[in-house]
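Asks: Predicted structure and sequence below. I'll ask about it afterward.
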2 protein chains.
Amino acid sequence: MTSLPTTDRLLLGPGPSPVSRRVAESLAAPPRSHLDGELVAILDRIRAQLTRVMRAPDDALVLAVSGTGTSAMEAAVANLVEPGRRALAIVTGYFGDRLSEMLTRYGASVDRLPVEWGQAVDSAAVERALGKHAYDIVTIVHGETSTGVRNPIDRVASLVRAHGALLIVDAVTSLGAVPLDMAGWDVDVCYSCSQKGLGAPSGLSPLAFGPRALAKRVACRSFYFDLGLLSSFWIDRKYHHTISAPLVYALHTALGEVEDEGLPSRLARHEAVHRRFVAGLSDRGVSLLPAEADRLWSLNAVRVPDGVNEAAVRAALLTDHSIEIGAGLGPLAGRIWRVGLMGSGATPENVDRLLVALDDAIGRAGR
Amino acid sequence: MTSLPTTDRLLLGPGPSPVSRRVAESLAAPPRSHLDGELVAILDRIRAQLTRVMRAPDDALVLAVSGTGTSAMEAAVANLVEPGRRALAIVTGYFGDRLSEMLTRYGASVDRLPVEWGQAVDSAAVERALGKHAYDIVTIVHGETSTGVRNPIDRVASLVRAHGALLIVDAVTSLGAVPLDMAGWDVDVCYSCSQKGLGAPSGLSPLAFGPRALAKRVACRSFYFDLGLLSSFWIDRKYHHTISAPLVYALHTALGEVEDEGLPSRLARHEAVHRRFVAGLSDRGVSLLPAEADRLWSLNAVRVPDGVNEAAVRAALLTDHSIEIGAGLGPLAGRIWRVGLMGSGATPENVDRLLVALDDAIGRAGR
């Protein structure tokens, strides 16, 4: 006997994000095998869609790893890092730290540039750090899911470029929600996930390697994450693994929705919804953790008001309103709520529903 | 604009296998986040279901990796292999070879016991190989998808046990389709996939570590495949990655179907369907590659009759009958067809439909 959820839940946490009805229904389209002509044609379209949404350069290798966003993070590192390579990890939160750990696991000599959680990295600090050593690789998270901070990738990328290192950018919580321009900013490697800003379920993770990164690949220890083998499947139609057809359908459908909406409109929607939420919070005397200039639109780190029991409020939202929001991680545990307004979840209606529910939850359970 | 397949295709290749309507519909159940109470309760049920279907010992760590079967293969190796460990890879086909490559990538000193493709390994050969060196790890594929051979895991396991090594068994094409008894055979590590015998879409891969293997884990270089981190998520509900809710629902539903049918009945169905297919082929003067005693029920390696154009027959099956079967790999390319009769695809009706279609395709396109 199985028992699956039957009621809807509004997913406004740090992820997974909601999926549209059309994306959900696409999961059940008739399955095809991983080398079927119809399926590989969809993979080709996904590669083109991802190239556009990431604004990847034409000569980038763009595909999706068969795993969650963390798998693409590991694929990025596994194909560029080996003992003897030196890396600078810009750590503005939990996921910057995770990147740093992966660099270490793959044998790099890693220096960390730590930034207080809730702040974006200062490009002057990056410039100073880059001046100390010759780095092969620099890693940074575009949208820090743990803090709601957006880092200034454009400025960091130009510094890294001048320094001659490769830049790996984590776009897990930014792609499809805030402006990202891999080619324009001259980013070497960029990865994301299928959920959040793109609006598909989790399980596939976009990965783009630009030409400089392709030229500096190492012999990849991992078989599953080996970019050469992934490319042999995505480009040359050779068997490497049995990609999940339902996830392929859902990602293709979600990317189609991004294009139907138009990327500029989609980003503007995320911005407007974010601002509506911030204004509503401000009316209630509640503020966000990051400074205004550093805020992600997709993930809002909301300061828990003094005297409010943050866990009780989250529980009440879940139980009484079937709304999920996230807790703080690490040093921010108990201090913030993390509210994701991403993909099909980024609507004014959801903001208004959440604000009313928050009023109720704080009033009844929060103190 | 998106365009997904709209017509049904009968998937009788080496994988992915067909999914039942109930499993397909379960993909669209209301999503929950990876740490939601309802979702983690399903994960607990999946662990119990997998423990039963694998007949894993009670003290095994059983979970599913968020990737295809190849990801579980890598997780098995990544948590047990480091430079200095010596491994014996029993290679009876393509996937035994893949295991051997992964052992090498993770730094093991690997000796290979090669077996002619189409034959099962002879346990006397295993005994001789084990006598030559002290091995830490032995790897073998239970059901070789490339050759349709079932290897005698029970006999190999007792030899490996006597030798004091750990045994890793690839059960990708055997679990849920042919008898497998991890505890009874005293297998240390066993992994599989969510499709094939289990009948879910691909994208999650069951993995079981028995107590001896748990005790001999190495510091895992991979973050995504680190068993300690996977366990922290599956057992302790700590965030590691955002598991795909639709795939979780589908696997849980498929495992529920296994239990509704009853594992003995399910295995008997696979055997009966296999025998029906073999008898039908025999009526037509067509034989299988492996000797009768060595045959998998789930994957049939069919010798292409002399003078028949194997590729044209496959193409005609696909185009005229919307039936997919697989080609031979490596040394068997052009010499065999691979016909999967697995999960919900293992029915007498599918056998009869395929035999009629094969007659037509061979008669019209095959010569």
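Replies: Cool, the structure landed. Numbering: from 1, shown residues only, chains lettered A, B, ... in the order given.
Asks: Whatever residue of the stretch 251-367 of chain A ends up closest to chain B: helix or strand, and which one exactly?
Replies: Using Cβ to the nearest Cβ, the closest approach of the stretch 251-367 of chain A to chain B is made by A:Gly256 at 3.7 Å. All C-beta atoms are positioned from the backbone trio N, CA, C, and that covers glycine. Using DSSP states H and E, A:Gly256 maps to helix A:245-261.
Asks: Likewise for A:Ile140?
Replies: Using DSSP H and E, A:Ile140 maps to strand A:137-141.
Asks: does that strand come close to chain B?
Replies: No: interface with chain B: strand A:137-141 contributes nothing (Cβ under 8 Å from any Cβ of the partner chain), its closest point being 13.4 Å away.
Asks: Given that strand, what are its sheet partners and their directions?
Replies: Neighbouring strands of strand A:137-141 in its sheet, by DSSP bridges, are strand A:86-91 (parallel), strand A:166-170 (parallel).
Asks: near chain B at all, the helix or strand following that strand?
Replies: Next in sequence after strand A:137-141, counting helices and strands by DSSP H and E, comes strand A:143-144. No: counting by Cβ under 8 Å from any Cβ, chain B is not contacted by strand A:143-144; separation bottoms out at 14.7 Å.
Asks: what's the neighbour count on A:Leu247?
Replies: By the criterion of other Cβ atoms under 10 Å in any protein chain shown, A:Leu247 has 26 neighbours.
Asks: got a list of what it touches?
Replies: The contact partners of A:Leu247, by Cβ atoms under 8 Å, 6 or more residues apart in numbering or on different chains, come to A:Leu27, A:Ser66, A:Ser194, A:Ala200, A:Pro201, A:Gly203, A:Leu204, B:Pro201, B:Gly203, B:Ser244, B:Pro246, B:Leu247.
Asks: how near is the spatially closest residue to the last one that is not a sequence neighbour to B:Pro246?
Replies: The spatially closest residue to B:Leu247, leaving aside those adjacent along the chain, is B:Gly203, at 4.5 Å (Cβ to Cβ, 6 or more residues apart in numbering or on different chains). For B:Gly203, the distance to B:Pro246 (Cβ to Cβ, to the nearest Å) stands at 9 Å.
Asks: hey, what's in contact with both of the two?
Replies: A:Gly203, A:Pro246, A:Leu247.
Asks: For the nearest residue to the second one once chain neighbours are set aside, give me its contacts.
Replies: The one in question is A:Pro246. Using Cβ to Cβ, 6+ apart and skipping residues adjacent in sequence, the residue nearest A:Pro246 is A:Leu27, 4.3 Å away. Counting by Cβ under 8 Å, 6+ apart, A:Leu27 touches A:Pro201, A:Pro246, A:Leu247, A:Tyr249, A:Ala250, B:Ala24, B:Leu27, B:Ala28, B:Pro246.
Asks: what secondary structure does A:Gly118 sit in?
Replies: coil (DSSP: H, G, I helix; E, B strand; the rest coil).
Asks: How many residues are close by the closest residue to it other than its chain neighbours?
Replies: Among residues not flanking A:Gly118 along the chain, A:Leu289 sits closest, at 4.4 Å (Cβ to Cβ, 6+ apart). Around A:Leu289 there are 22 other residues, counting by other Cβ under 10 Å.
Asks: close enough to count as contact, A:Leu289 and A:Arg303?
Replies: Yes: contact criterion Cβ atoms under 8 Å: A:Leu289 and A:Arg303 qualify, at 5.7 Å.
Asks: tell me, what's touching these two both at once?
Replies: Shared contacts of A:Leu289 and A:Arg303 (Cβ under 8 Å, 6+ apart): A:Arg335, A:Ile336.
Asks: so how far is A:Leu159 from A:Arg32?
Replies: 45 Å.
Asks: neighbour-wise, which of those two wins?
Replies: Set side by side, A:Arg32 and A:Leu159 give different neighbour counts by other Cβ under 10 Å, the larger being at A:Arg32 (22 against 18).
Asks: per-residue confidence at that one?
Replies: Note on A:Arg32: pLDDT of 96.
Asks: A:Ser192 too?
Replies: 98.
Asks: Could you do A:Val121 as well?
Replies: Here the pLDDT value assigned to A:Val121 is 98.
Asks: A:Ser3 too?
Replies: Confidence score, pLDDT, at A:Ser3: 86.
Asks: Could you single out the most deeply buried of the strands paired with strand A:137-141?
Replies: Ranked by mean neighbour count under mean count of other Cβ atoms under 10 Å in any protein chain shown, the strands paired with strand A:137-141 are led by strand A:166-170, which reaches a mean of 28.
Asks: quick check: mean pLDDT across that strand?
Replies: On average, strand A:166-170 scores 98.
Asks: same question, stretch A:291-308
Replies: Across stretch A:291-308, the average pLDDT comes to 97.
Asks: give me the low-pLDDT residue ranges for chain A?
Replies: Within chain A, the stretches with pLDDT under 70 are A:1-2, A:366.
Asks: Pull the number of nearby residues for A:Asp181.
Replies: 15.
Asks: how many other residues sit next to the closest residue to it other than its chain neighbours?
Replies: Closest residue to A:Asp181 apart from its sequence neighbours, by Cβ to Cβ, 6+ apart: A:Arg55 at 4.5 Å. A total of 18 residues lie near A:Arg55 under the criterion other Cβ under 10 Å.
Asks: pretty sure A:Arg55 is touching A:Gly176, no?
Replies: No: under the contact definition of Cβ under 8 Å, A:Arg55 does not touch A:Gly176, with a separation of 11.6 Å.
Asks: if we can go back for a sec, show me the contacts for the residue nearest to B:Leu247.
Replies: A:Ser66, A:Gly203, A:Ser244, A:Pro246, A:Leu247, B:Ser66, B:Gly67, B:Thr68, B:Ser194, B:Ser244, B:Leu247.
Asks: And these, which of them are buried?
Replies: Among the contacts of B:Gly203, those scoring as buried are A:Ser66, A:Gly203, A:Ser244, A:Pro246, A:Leu247, B:Ser66, B:Gly67, B:Thr68, B:Ser194, B:Ser244, B:Leu247 (criterion: 16 or more other Cβ atoms under 10 Å in any protein chain shown).
Asks: and which of these is nearest B:Thr6?
Replies: Nearest to B:Thr6 among the buried ones among the contacts of B:Gly203, counting by Cβ to Cβ, is A:Pro246 at 14.9 Å.
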